[in-house]
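**Q** One predicted model, sequence on top.
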Amino acid sequence: MADYKLTYGKVNRDLLKTMEAPGRTWYILLAIAIALVALGGFAFSRQIRYGMGVWGLTHPTMWAIDITNFVFWVGIAHSGTLISAVLFLFRVRWRASIYRAAEAVTVFALMTAALFPIIHLGRPWYVYWLLPYPQVGGLWPNFRSPLIWDVFAVLTYMLVSMVFFFTGLVPDLAVVRDQSRGWRRRLYGFLAQGWQGTDRQWRHYTSAYLFLAALATPLVISVHSVVSWDFAMSMVPGWHSTIFAPYFVAGAIHSGLAMVITLLIPLRRTFRLDLYLTQTHLENLAKLIVLTGLIVGYSYATEYFIAWYSANSFEWETFRYRALGDYAWGFWIMIIFNSLIPLLFFVKKIRTSTPWLLTISLLINVGMWFERFIIIVTSLARDYDPYTWGLYRPTWVDLSITAGSFGWFFLWFLLFAKLLPVVSIVEVKEQLPPPVIGEVRNPPTPHLQKGGTGGFDEGKGREKDVDP
Amino acid sequence: MNGRAVGVVGHFDQLDRFLAAIRALRASGFDNLRVASPIPSHEIDEALGRRESPVRVFALVGGIVGAIFGLGLTINTSIGYPHITGGKPIVSMPAFVVIAFELTILFGAIGTLLGLLVNARFPRLHIGPAFHPRFCRDQFGLFVFCAPDEIGSTSQILRAAGAAEVRQVEGDVEA
């Protein structure tokens, strides 16, 4: 039997440490997040009071940075599902210690994204008009409209992600329950649903988990495709393109992976999780970013090729305007940050250096936000008729609500980091060889062992496992 | 289980000893075994001779219901109020497939969740005395139902199989 240093008991103790009482930094970050949410809330209250006129968006750019934010946050969600569901189906062992944080990003990003179409309605109290029910005279929503597809896609994605996230949490909640007392024990006990790890529970649980992952995989591809069709189904130059669905899905995963790296690095440092979140995990994510970055760069090039090859003067003018017009600075941020800078990850030194990883992942976040901004704003600011051209400039309301959305997302993530185990205790244990005295009849097959024990750093785990 | 069940719980530190104990007990005729473990394991299911979980049927039925519901909803409501939008046919299949697809996934996931709740009998408000927190940490638990006069001999089998600890429990156990 190999000499493995991480034991089940140690995993429990190490990973529950992240839930100890928070320090001052956490409260400061929480206060900043709440302040941003309050700022966004105040700006929203001005919108309710005075109408959409307080926004900078007006004719002809009626979809400006609120829809940019919507697409951005839906995109952020995608990598969480990639890591938690798609890599699960492929039996990728290193996903075990990062999937929980990634899936949390998915859930919170969707909770943020879903706010924007509602805010954008202008009269958000009519949001129920979007739901499928017979309205005046038995008229139902127009199911031929991509905007209604979006309602179905995003709501389905949000519900399925929440179910998947919570299902994955249940065995860990039982661990927390067993370690706590008083009201915490009652709360986590309630959330754990009476989990005891019996054979009956595990058998149905693992089956349900597999099917949720299998359902989430096609779903994640459909969601950003549907979001892209919000644009591609309209006859606007720069939007009406068949490559939009794959182009958006790749971009979504690109931005989401960057967000996961951005969040994992401070998480790893604060909670001293170096044993569980190792350089291997970050390096693997960086390799995935190289892949998505290349797809995104290829899509940018293809868009230009199609615009030129189509010989459609409106299309070509839109793309000339993007690169050289009023928003050219945003266009070049998008090109450089999304498709050129990630190529630095081809260099091993860079993708294994934490400062580089953090810097590049932040730049990709910025670049992907600008990608959506450029797609939405440049196409609307100048379409067919020069008479209707106009520039978009955000007001303080646009910017405050955008800042508020970041505050809202980080508020949830901060609460998650302290109230729930940020690394899945059970799934980390599953990647460890089970405690045995002799041989197990069906040891894990060698090709599965390739990633070590799920990428954990065993060297540092050398310590006697004593039970408290 | 109704009423009060009596039994013995063995705590095991090692998976292989635990599996051997399960096989030994089943060989001596104990079929009503319940185990608890910190991780899911196919070997445990195999040793217990459990069949594939029926949750997959729930997922399939949920997905089929979702697909039919999605197509039914879009087609019926469009025929019921025939209103041409965008110059498209009243029954625009390519558009409706998108809705049907999303509802297939949604209902499939709801079906899976229901399958889990029904089959694993969640939520469970009380935890039986056979449970021990170490089963969610690092030990494997084996619960054997037995008649009061069999307690001694069953404990012997468990100890012989290498149980670190053997407890006698009385009361409701996790079904």
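**A** That came through, no problem.

**Q** Secondary structure element holding residue A:236?
**A** Counting by DSSP states H and E, no helix or strand carries residue A:236.

**Q** With residue A:73 instead?
**A** helix A:65-81.

**Q** show me the contacts for residue 164.
**A** You didn't say which chain, so I picked chain A. When contacts are counted by C-beta atoms under 8 Å, 6 or more residues apart in numbering or on different chains, residue A:164 touches A:84, A:85, A:103, A:212, A:213, A:216, B:109. C-beta: built from backbone N, CA, C; applies to glycine.

**Q** Can you look at chain B instead?
**A** Residue B:164 sits next to B:11, B:12, B:13, B:139 when contact means C-beta under 8 Å, 6+ apart.

**Q** How about the contacts made by the second one?
**A** Think residue B:12. Contact analysis of residue B:12 by C-beta under 8 Å, 6+ apart lists B:18, B:21, B:139, B:140, B:141, B:142, B:161, B:162, B:163, B:164.

**Q** Need the contacts of residue A:164 in CSV (columns: pLDDT, distance to residue A:241 and neighbour count).
**A** Formatted as CSV, those follow (pLDDT from 0 to 100; distance: C-beta to C-beta, whole Å; neighbours: other C-beta atoms under 10 Å in any protein chain shown):
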residue, pLDDT, distance to residue A:241, neighbour count
A:84, 90, 30, 29
A:85, 91, 28, 28
A:103, 94, 31, 25
A:212, 95, 33, 27
A:213, 95, 31, 19
A:216, 95, 27, 28
B:109, 96, 31, 29
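
**Q** So which of those is the closest to residue A:142?
**A** Looking at the contacts of residue A:164 and their distance to residue A:142, the nearest is residue B:109, at 25.8 Å (C-beta to C-beta).

**Q** just the strands in chain A please.
**A** Counting by DSSP state E, chain A forms no strands at all.

**Q** Residue of it nearest chain B, please.
**A** The nearest approach of chain A to chain B comes at residue A:194, 2.8 Å away (C-beta to the nearest C-beta).

**Q** what's the helix or strand for the closest residue to residue A:152 other than its chain neighbours?
**A** Spatially, and ignoring its direct neighbours in sequence, residue A:152 is nearest to residue B:102 (4.2 Å; C-beta to C-beta, 6 or more residues apart in numbering or on different chains). Following DSSP H and E, one finds residue B:102 within helix B:93-119.

**Q** quick one: stretch B:133-141 near chain A?
**A** Yes - applying C-beta under 8 Å from any C-beta of the partner chain, one finds stretch B:133-141 in contact with chain A at B:133, B:135, B:136, B:137, B:138.

**Q** Highest neighbour count among those residues?
**A** Highest neighbour count within these, by other C-beta atoms under 10 Å in any protein chain shown: residue B:136, with 29 neighbours.

**Q** Go ahead and confirm it touches residue A:194.
**A** No - here residue B:136 lies out of contact with residue A:194, judged by C-beta atoms under 8 Å, at a distance of 11.9 Å.

**Q** how deep is residue A:150 tucked in, by neighbour count?
**A** Quick note: residue A:150 (other C-beta under 10 Å) scores 21 neighbours.

**Q** show me where chain B has helices.
**A** In chain B, the segments counted as helices under DSSP state H are B:15-27, B:42-48, B:55-80, B:93-119, B:151-160.

**Q** which stretch among these comes nearest residue A:289?
**A** Nearest of those to residue A:289, taken as C-beta to C-beta: helix B:93-119 at 27.1 Å.

**Q** Go through that closest one and flag the buried ones.
**A** B:95-117, B:119 (16 or more other C-beta atoms under 10 Å in any protein chain shown).

**Q** how about CSV for the helices of chain B, with distance to residue A:245 added?
**A** Listed next are the helices of chain B as CSV, based on distance: least, C-beta to C-beta, whole Å:
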stretch, distance to residue A:245
helix B:15-27, 46
helix B:42-48, 38
helix B:55-80, 19
helix B:93-119, 11
helix B:151-160, 58
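
**Q** can you tell which of those helices is closest to residue A:42?
**A** Smallest distance to residue A:42 across the helices of chain B (C-beta to C-beta): 35.0 Å, for helix B:93-119.

**Q** and the closest residue to chain A within chain B, how many neighbours does it have?
**A** Residue nearest to chain A within chain B (C-beta to the nearest C-beta): residue B:124, separated by 2.8 Å. Neighbour count for residue B:124, taken as other C-beta under 10 Å: 17.

**Q** for the chain, which spans come out with low pLDDT?
**A** You didn't pick a chain, so chain A it is. Along chain A, the model assigns pLDDT under 70 to residues A:1-4, A:438-454, A:457-468.

**Q** ah, no, chain B please
**A** Filtered on pLDDT under 70, chain B yields the residue ranges B:1-5, B:171-175.
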